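>>> Give me the fold of what follows.
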Amino acid sequence: MLIIHERNIRVNAFFEQKPAFFVTFVAPMLMPLHLEFEEYAYKEGELANEMYFVLKGEINYCFKDGLHEVPYLAIPETYYFGEVDLILSDTKLRTENA
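Prediction:
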């Protein structure tokens, strides 16, 4: 499992310093998601049941200002996002758009 997934997950900050048994446990559960420019991974109010790993490009957290989306935080390549609402939220609802 490590050899198959190493190119995509070992470079991600989430997996830094994680033991091999953890990586081999998590790797088979990962599913690819391809997003185009200005497409959402999730929106505010949706159920938080996944976290995401950025393999290429970046994702922006945004808030709505009237009719416009305003980015306020960029998640870079080789990082992850969505874990806060998934793990720490009492309601398990997304608190922003990504």
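>>> can you give me the helices for this protein?
Per DSSP state H, the chain carries helices over the ranges 2-9, 20-26, 83-88.
>>> could you redo these as CSV and give each row mean neighbour count, distance to residue 67 and mean pLDDT?
For the C-beta atoms, the positions are set from N, CA and C on the backbone; glycine is no exception. Converted to CSV, the helices of the chain look like this (neighbours: other CB atoms under 10 Å; distance: least, CB to CB, whole Å; pLDDT from 0 to 100):
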stretch, mean neighbour count, distance to residue 67, mean pLDDT
helix 2-9, 13, 37, 67
helix 20-26, 12, 39, 84
helix 83-88, 14, 25, 89
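>>> could these be laid out in JSON lines, adding distance to residue 61?
Listed next are those as JSON lines, based on distance: least, CB to CB, whole Å:
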{"stretch": "helix 2-9", "distance to residue 61": "22"}
{"stretch": "helix 20-26", "distance to residue 61": "23"}
{"stretch": "helix 83-88", "distance to residue 61": "10"}
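>>> For residue 46, which of these is the nearest?
Closest to residue 46 of these is helix 83-88 (CB to CB; 9.1 Å).
>>> Nothing else from me, thank you.
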